[in-house]
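*Asks:* what's the 3D shape of this:
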Amino acid sequence: MEIKQYLDICIQKKASDLHIIPGYYPAIRVNGTIYQLKTLMIIPEEESKRLILSILNDQQKEILFSNKQIDFAYQYNNYRFRCNAYFANSKLASAIRLLDNKILTIEQLNLPPIFHNFIHFNQGLILITGPTGEGKSTTLASLINEINLDQSKHIITIEDPIEYVYPPAKSLVSQRELYQDAPSWNIALKAALREDPDVVLVGEMRDYDSIQLVLTLAETGHLVFSSLHTGNTVEAINRIVDVFPSPQQAQIRKQLSSVLKVVIAQRLITNLTNTERIPALEILLNNSAVATIVRDGRFHMLNNVIATSEGEGMILFENYLLSLLKRNLISKETAVNSALRPKEFSKLMNP
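*Replies:* Numbering: from 1, shown residues only. Model prediction:
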């Protein structure tokens, strides 16, 4: 078989991911569950290598063999895939994610109406956090595209790789892919300051330098969207501060308290009919109380502020799960198993 035949299976089965791993059957992930395709052949080492290299250009192959892994995008028919090729046990393997062939709206993603408010900030930082594969990139793309469709802005995206391609609309959109359009995150972020952006999407805040540059962009009159890999909103703020050396942390807390607009923690959970995954969210909005807590480093107080500020649009993850349960969108078992704070959720279930 050729790689395109495996991609066709992924598309037909509405899978989120395809895995090519030597010594295993090809596998797809559907609604969060991995299925090995046992009607096909186990993939030998040389076949895995042939399949993966067939969708890489010479520059990408060079990066792969030098770094032992590479992220890249691949276009097939009208579908776009985000791919990661990597070595495991000295053998070449790949995880390939099927992206939606169009950018879905906030409503189509089952996100709450408050998300429409987030595109109207003139400057600051909007952060989406959560584990890999929980829809962060899709949510960010929806927000960016709403700006693109409704406002006359210059939007710069810095991605590794470019996942969603934005259509020509009211905004100008400059999409920059790492290694193809810029040699590093830091160079691309520094250059963005000189490229007259209104809005900047940074695919991921990865390290000290990129986090520092994102904060600078947000502080200098730009609206910045980015993502992190943490469990909840409070952990995201903690992660940003902890990246910096102790003597610098007080200044970073002050800077963050000023530029932060919204932190969203997102997970995708199986719906009641087990036919799709829907978002479960935690939303932290920056207000005077949050800004003071962040500036003073009293992060342990943030959960209480979120819990008592639902009238402003904030919500704890467990309260969001409870709302999904009450609307018969998820099962009790799914709600219990998905809770980030099981003890707190138990109290909500049994007041």
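*Asks:* helix, strand, or coil at Val263?
*Replies:* strand (DSSP: H, G, I helix; E, B strand; the rest coil).
*Asks:* which residues touch it?
*Replies:* In this structure, Val263 makes contact with 127-129, 233, 236-237, 283-284, judged by CB atoms under 8 Å, 6 or more residues apart in numbering. The way it works is simple: take the backbone N, C-alpha and C, and place the C-beta from them, glycine included.
*Asks:* any chance of those in TSV, with secondary structure too?
*Replies:* What follows is the contacts of Val263, written out as TSV (three-state DSSP):
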residue	secondary structure
Leu127	strand
Ile128	strand
Thr129	strand
Thr233	helix
Ala236	helix
Ile237	helix
Ile283	strand
Leu284	strand
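*Asks:* correct me if wrong: Ala236 contacts Leu127.
*Replies:* Yes: with contacts counted by CB atoms under 8 Å, Ala236 reaches Leu127, the gap being 5.9 Å.
*Asks:* overlap of the contact sets of these two?
*Replies:* Taking CB under 8 Å, 6+ apart as the contact rule, the neighbours common to Ala236 and Leu127 are 228, 263.
*Asks:* quick revisit: just the contacts of Val263 now: which is nearest Ile330?
*Replies:* Ile283 (17.9 Å; CB to CB).
*Asks:* now do the contacts for that closest one.
*Replies:* Contact analysis of Ile283 by CB under 8 Å, 6+ apart lists 114, 233, 262-265, 306, 313-315.
*Asks:* could you measure from it over to Ser174?
*Replies:* Using CB to CB, to the nearest Å, we find Ile283 at a distance of 29 Å from Ser174.
*Asks:* strands of the stretch 151-300 of the chain, start to end?
*Replies:* Counting by DSSP state E, counting those that start in this stretch, one finds strands in the stretch 151-300 of the chain at the ranges 154-159, 172-177, 199-202, 223-228, 260-270, 277-285.
*Asks:* contacts for the fourth one, please.
*Replies:* With contact meaning CB under 8 Å, 6+ apart, strand 223-228 is reached by 121-130, 136-137, 140, 143-144, 198-205, 214, 217-218, 236, 239-240.
*Asks:* ok, the nearest residue to Lys170 once chain neighbours are set aside to Asp198 distance?
*Replies:* Taking CB to CB, 6 or more residues apart in numbering as the measure, Lys170 lies nearest to Ser152, with 5.1 Å between them; neighbours along the chain are not counted. Taken as CB to CB, the spacing of Ser152 relative to Asp198 amounts to 9 Å.
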